[in-house]
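Turn this into a model:
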Amino acid sequence: QVQLVESGGGWVQPGGSLRLSCTASGFTLRDYAIGWFRQAPGKGRERVSCITRSIELTVYADSVKNRFTISRDNAKNTVYLQMNSLKPEDTAVYYCATSCSVSAPSAYWGQGTQVTVSL
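The predicted structure is shown next:
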């Protein structure tokens with residue numbers, strides 16, 4: 001069964017940190033570019049970060065640059081998103097997908113994990 005599962009979300013105060021995990025089953029993550037996306041209430045889904053397949057080039061949205069870090073652990077078939085200096089505007093449901101594009105028609109998507117940043 002092909003599946004992507006996100007974990008690591010939760011509630012954190014502003015300035016805090018969380019590490020999200022995206023773990024695959026039924027296929028090998030290193031064969032794909034992996035994107036992290038988020039969707040806040042009433043807003044569209046936006047790309048937060050992406051790591052390419054072969055040379056592992058990383059890209060970040062301007063809003064998270066220098067605060068978030070994407071990385072792979074191929075042995076664990078997992079991609080991480082380390083989120084530091086979190087802000088209330090980072091509050092959203094975070095998703096991972098086997099694509100760097102939010103509109104890729106054949107990408108696998110996880111079910112999402114909620115991140116809430118508030119006092």
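
Just the strands from this protein, written as ranges.
Remark: strands assigned in the chain by DSSP state E are 3-7, 10-12, 18-25, 34-39, 46-51, 58-60, 68-73, 78-83, 92-97, 113-117.

Show me the residue at the heart of the protein, geometrically.
Taking Cα atoms, centre = their mean, the centroid of the chain lies closest to residue 36, which sits 2.8 Å from it.

still on that earlier bit, reformat the strands of the chain as CSV; add distance to residue 103 and mean pLDDT.
Quick note: C-beta positions are derived from backbone N, CA and C, even for glycine. Formatted as CSV, these follow (distance: least, Cβ to Cβ, whole Å; pLDDT from 0 to 100):
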stretch, distance to residue 103, mean pLDDT
strand 3-7, 17, 96
strand 10-12, 28, 98
strand 18-25, 19, 97
strand 34-39, 11, 97
strand 46-51, 10, 97
strand 58-60, 16, 96
strand 68-73, 20, 96
strand 78-83, 20, 98
strand 92-97, 10, 98
strand 113-117, 21, 98
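
want to throw these into CSV with distance to residue 104?
Output for the strands of the chain, formatted as CSV (distance: least, Cβ to Cβ, whole Å):
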stretch, distance to residue 104
strand 3-7, 13
strand 10-12, 28
strand 18-25, 15
strand 34-39, 9
strand 46-51, 11
strand 58-60, 15
strand 68-73, 17
strand 78-83, 16
strand 92-97, 7
strand 113-117, 20
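
Could you check how many residues crowd around residue 82?
Applying other Cβ atoms under 10 Å, we find 14 other residues in the vicinity of residue 82.

next one: residue 105
Going by other Cβ under 10 Å, the residues that sit close to residue 105 add up to 6.
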